[in-house]
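**Student:** Structure for this input, please:
(2 chains)
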Protein chains: 2
Amino acid sequence: MHPWGKWGRSFVEYGTKAARAALADAGLDWCAVRSVVGADTVRGGYPGYVAGATFARALGWQGARVTSVYAACASGAQAIGTARAQILSGLADVVLVVGADAAPKGFFAPAGGDRPDDPDWLRFRLLGATNPAYFGLYARRRMALYGDTADDFAQVKVKNAAAGAVNPYARYRKPVTAQEVAASAVVADPLRLLDICATSDGAAALVLTSMDFARRHGAADPVRIRAVSTATPQYPRTVLDLPDIATDSAAAVPEPATGFRASIARTAYEEAGIGPEDLSLAEVYDLSTALELEWYEDLGLCGAGEGAGLLRDGVTALGGRLPVNASGGLSSFGEAVPAQAIAQVCELTWQLRGAAGGRQVPGARVGMTANQGLFGHGSAVVAVR
Amino acid sequence: MHPWGKWGRSFVEYGTKAARAALADAGLDWCAVRSVVGADTVRGGYPGYVAGATFARALGWQGARVTSVYAACASGAQAIGTARAQILSGLADVVLVVGADAAPKGFFAPAGGDRPDDPDWLRFRLLGATNPAYFGLYARRRMALYGDTADDFAQVKVKNAAAGAVNPYARYRKPVTAQEVAASAVVADPLRLLDICATSDGAAALVLTSMDFARRHGAADPVRIRAVSTATPQYPRTVLDLPDIATDSAAAVPEPATGFRASIARTAYEEAGIGPEDLSLAEVYDLSTALELEWYEDLGLCGAGEGAGLLRDGVTALGGRLPVNASGGLSSFGEAVPAQAIAQVCELTWQLRGAAGGRQVPGARVGMTANQGLFGHGSAVVAVR
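**Tutor:** Numbers count the residues shown, from 1 in each chain, chains lettered A, B, ... in the order given. So this is what the prediction gives:
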């Protein structure tokens, strides 16, 4: 991993450093890698669109197969899923997965050009709705439906900042109080600046191998990927996913039993053959403090509307029964889009190895990540040891 | 497939039409598809970058897994390779692969912004070298090394135009004479307008399934994908690949035995367990007429410098021993980048089924595609029946 921050350099540099760190961790020479899967950096122009080839070139062309994928915030998990399919199909033994970003300052903006059939263009052009505008609506909905309070949201920040303070890769590494959250500027009512994640530079990389390869190379009990879910939504639904301003579907499908985020998690649980009761920890996509509470419910850690209670009981804090965002989460990292879902799995790996230092979850055996991105993208990864 | 042309509409429309045609060909309902792999349209903004999700949404969200890949001209083959890995790994039974583009008028230009570490930006900024400038250099090199003539190049166009004239999906469907090529404007000496492929709108789609699924659904003897090569270059080399203006490598690797294009083909032959002597036909990336002759040699259809002889002997024409670009090739289609490598495999499929109409290669059993794109991307697919 490359530390998150605002470094002002190229995503290629961040990703190459993260890739070299992953190779060193695996004890492998770059030339042993037979496939590279990159998660694309869309704002970087061509080199960003071809992340796999860009990192293969930066590390030195050596003939390996390359793949470059993009799935907004789920890009990193899509890269992991693609690498995993290559390994499980026998097409590759050792795959390097890399994602890196150099984020612009401030809110994310849509790509240039007029695209009336692009929901991302439409929401900016017709509504002027930035991402935090959606986060605010989701938070307000929780307050109306479940009685969540602004202080509940602030307590998510307090919890995540405490964890991030002991993570050397995090961008923000100091404790935050609920008073500091309440004193920060309103961005999208009811959310304040410290309720919302920043945009960051950063990079993460993983080496995935077949079990045979791992054992031959002395890793008798490696962390294993048990499931990668990259499900898409089903309709009809009444809660709009960012960046949509309406829901529709050309396919006549029955009303789904669960919402999109819950279906992402369910697909992963089914593939892994586990349930929420088996989890030691989870890394979820806390674009805002309130969204972290949504994930508790969508992952089945508690029932609908019970997220704030779980938080208040300390269950999801470091030292609790089921720590969520032991890494510090997006709250402490900020978004580096193509790297984020890979970074979540890096955190699970360190935790499952017992190598997470001051933020270690004692006896961690099963971890899950979850995130959601634009355009019907979402992902969940289950890792076990 | 959606016919190639300049239609002035959205790539989403082209791709959706191609996808529906592929589903109809397979006799499958859209809801039977459990994974969609899209080849990205980079110029289309966000919906283009997330082609998999875009087509899943246009066909109607129904929960299928999505993946979106980009590899310049090899994007379509990377999509096929990704779908194939999902099937071989048991993660999916039925995968829809779609690529579509709406190309701008004239030469391709680089993405906006200043990127001094991007070879594509460098060659435009420092040299003003468009793609045809490279094509011209490659053609001139053949003339110097092998004695190829401008008329040899023109004969490639004559051959491909004759094939394209009987392909209902081709954009250019009339025969061309060598005199017409010689009378067309010089674009990049020694190449003339009719030596160089156009940029087009178009779309192609395929349904890939496991063999079990195909047999359960009545396809006792389907066309099978036997290999997908997406190798990357090795260095040192002395012939520059578009868009590079220098060669370099950070990895200390020995000098490769073959050039990049030949290594793409070799990887595919090895994976398929066949050699050039087994081919019934080939679809190669004739960005220019002269480049088609390079491919003859890189695919091992003849020795170095013997490409023009093979052409003059009629071996690679319809009715010859080993027709190349029976579809009419890029010469008749023009480039629709993310669709092109998929369209090549569509042509193999029709040929291997004996359903290619007036351009049918009699008794075709084994076909190969090959292409090369920017940034170290290249691909070859072997299909058999």
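**Student:** just the strands in the stretch 51-200 of chain A please.
**Tutor:** Assigned by DSSP state E, counting those that start in this stretch, the stretch 51-200 of chain A shows strands spanning A:65-69, A:94-101, A:186-188, A:191-192.
**Student:** Same list (those) but as a markdown table, adding distance to chain B, mean pLDDT and mean neighbour count.
**Tutor:** For the C-beta atoms, the positions are set from N, CA and C on the backbone; glycine is no exception. What follows is the strands of the stretch 51-200 of chain A, written out as a markdown table (distance: least, Cβ to the nearest Cβ, whole Å; pLDDT from 0 to 100; neighbours: other Cβ atoms under 10 Å in any protein chain shown):
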| stretch | distance to chain B | mean pLDDT | mean neighbour count |
| --- | --- | --- | --- |
| strand A:65-69 | 5 | 95 | 30 |
| strand A:94-101 | 10 | 98 | 30 |
| strand A:186-188 | 22 | 96 | 17 |
| strand A:191-192 | 24 | 98 | 24 |
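**Student:** For A:A133, which of those strands is the nearest?
**Tutor:** strand A:186-188 (5.3 Å; Cβ to Cβ).
**Student:** elements contacting that closest one?
**Tutor:** In terms of contacts (3 or more Cβ pairs under 8 Å, 6 or more residues apart in numbering or on different chains; DSSP states H and E), strand A:186-188 is packed against helix A:131-146.
**Student:** Can you spell out which helices and strands pack onto the helix it packs on?
**Tutor:** Checked by 3+ Cβ pairs under 8 Å, 6+ apart, helix A:131-146 has strand A:186-188, strand A:191-192, helix A:289-298, helix A:307-312 packed alongside it.
**Student:** Tell me which of the ones you listed is the most buried.
**Tutor:** helix A:289-298 (a mean of 26; mean count of other Cβ atoms under 10 Å in any protein chain shown).
**Student:** packing partners for it?
**Tutor:** Counting by 3+ Cβ pairs under 8 Å, 6+ apart, helix A:289-298 packs on helix A:131-146, helix A:150-164, helix A:260-272, strand A:281-284, helix A:307-312.
**Student:** Would you mind checking the average pLDDT for the shortest one?
**Tutor:** Spelled out, it's strand A:281-284. Taken as a whole, strand A:281-284 has a mean pLDDT of 98.
**Student:** now do stretch A:289-307
**Tutor:** Summarised as a single mean, pLDDT over stretch A:289-307 is 97.
**Student:** can I have that stretch written out in CSV, keeping just the CAs?
**Tutor:** Output of stretch A:289-307 as CSV, limited to C-alpha atoms (Å, rounded to 0.1, in the frame of the first residue of the first chain):
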residue,chain,number,x,y,z
THR,A,289,-21.0,8.6,8.7
ALA,A,290,-24.7,7.9,8.2
LEU,A,291,-23.9,5.5,5.4
GLU,A,292,-21.8,3.4,7.7
LEU,A,293,-24.9,2.7,9.8
GLU,A,294,-26.8,1.7,6.6
TRP,A,295,-24.1,-0.9,6.0
TYR,A,296,-24.5,-2.5,9.4
GLU,A,297,-28.1,-3.2,8.4
ASP,A,298,-27.4,-4.2,4.9
LEU,A,299,-24.6,-6.6,6.0
GLY,A,300,-27.1,-8.2,8.4
LEU,A,301,-25.1,-7.2,11.5
CYS,A,302,-28.4,-5.9,12.9
GLY,A,303,-32.0,-5.3,11.8
ALA,A,304,-33.3,-2.3,9.8
GLY,A,305,-33.0,0.9,11.9
GLU,A,306,-30.8,-0.8,14.6
GLY,A,307,-27.5,0.5,13.2
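**Student:** Mind telling me what element the residue nearest in space to the middle of chain A is part of?
**Tutor:** Residue closest to the average C-alpha location in chain A (Cα atoms, centre = their mean): A:A341, at 3.4 Å. When secondary structure is defined by DSSP states H and E, A:A341 falls within helix A:337-353.
**Student:** tell me the mean pLDDT for that helix?
**Tutor:** Helix A:337-353 comes out at a mean pLDDT of 97.
**Student:** Could I get the buried residue list for it?
**Tutor:** Within helix A:337-353, the residues scored as buried using 16 or more other Cβ atoms under 10 Å in any protein chain shown are A:337-352.
**Student:** after that helix, next one along is what?
**Tutor:** Past helix A:337-353, the next helix or strand by DSSP H and E is strand A:366-373.
**Student:** what's around the residue in the stretch 51-200 of chain A positioned nearest to chain B, how many residues?
**Tutor:** Closest residue of the stretch 51-200 of chain A to chain B, Cβ to the nearest Cβ: A:G60 (2.5 Å). For A:G60, the number of neighbouring residues by other Cβ atoms under 10 Å in any protein chain shown comes to 16.
**Student:** do A:D29 as well
**Tutor:** Neighbour tally, A:D29, other Cβ under 10 Å: 10.
**Student:** A:P323 too?
**Tutor:** 27.
**Student:** pLDDT wise, what is it at?
**Tutor:** Residue-level pLDDT assigned to A:P323 equals 98.
**Student:** do A:F11 as well
**Tutor:** The model's pLDDT for A:F11 equals 95.
**Student:** Correct me if wrong: it contacts A:T41.
**Tutor:** Yes - taking contacts as Cβ atoms under 8 Å, A:F11 lies within contact range of A:T41: 4.8 Å.
**Student:** Please enumerate the shared neighbours of these two.
**Tutor:** Residues touching both A:F11 and A:T41 (Cβ atoms under 8 Å, 6 or more residues apart in numbering or on different chains): A:G48, A:A100, A:D101, A:A102.
**Student:** re earlier: now do the contacts for the residue nearest to the centre of chain A.
**Tutor:** By Cβ under 8 Å, 6+ apart, A:A341 lies in contact with A:39, A:73-80, A:99, A:369, A:371, A:379, A:381.
**Student:** Make JSON lines out of those residues and add distance to B:A231.
**Tutor:** Below are the contacts of A:A341 laid out as JSON lines (distance: Cβ to Cβ, whole Å):
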{"residue": "A:A39", "distance to B:A231": "21"}
{"residue": "A:C73", "distance to B:A231": "31"}
{"residue": "A:A74", "distance to B:A231": "27"}
{"residue": "A:S75", "distance to B:A231": "23"}
{"residue": "A:G76", "distance to B:A231": "24"}
{"residue": "A:A77", "distance to B:A231": "26"}
{"residue": "A:Q78", "distance to B:A231": "22"}
{"residue": "A:A79", "distance to B:A231": "19"}
{"residue": "A:I80", "distance to B:A231": "22"}
{"residue": "A:G99", "distance to B:A231": "22"}
{"residue": "A:T369", "distance to B:A231": "31"}
{"residue": "A:N371", "distance to B:A231": "32"}
{"residue": "A:S379", "distance to B:A231": "28"}
{"residue": "A:V381", "distance to B:A231": "28"}
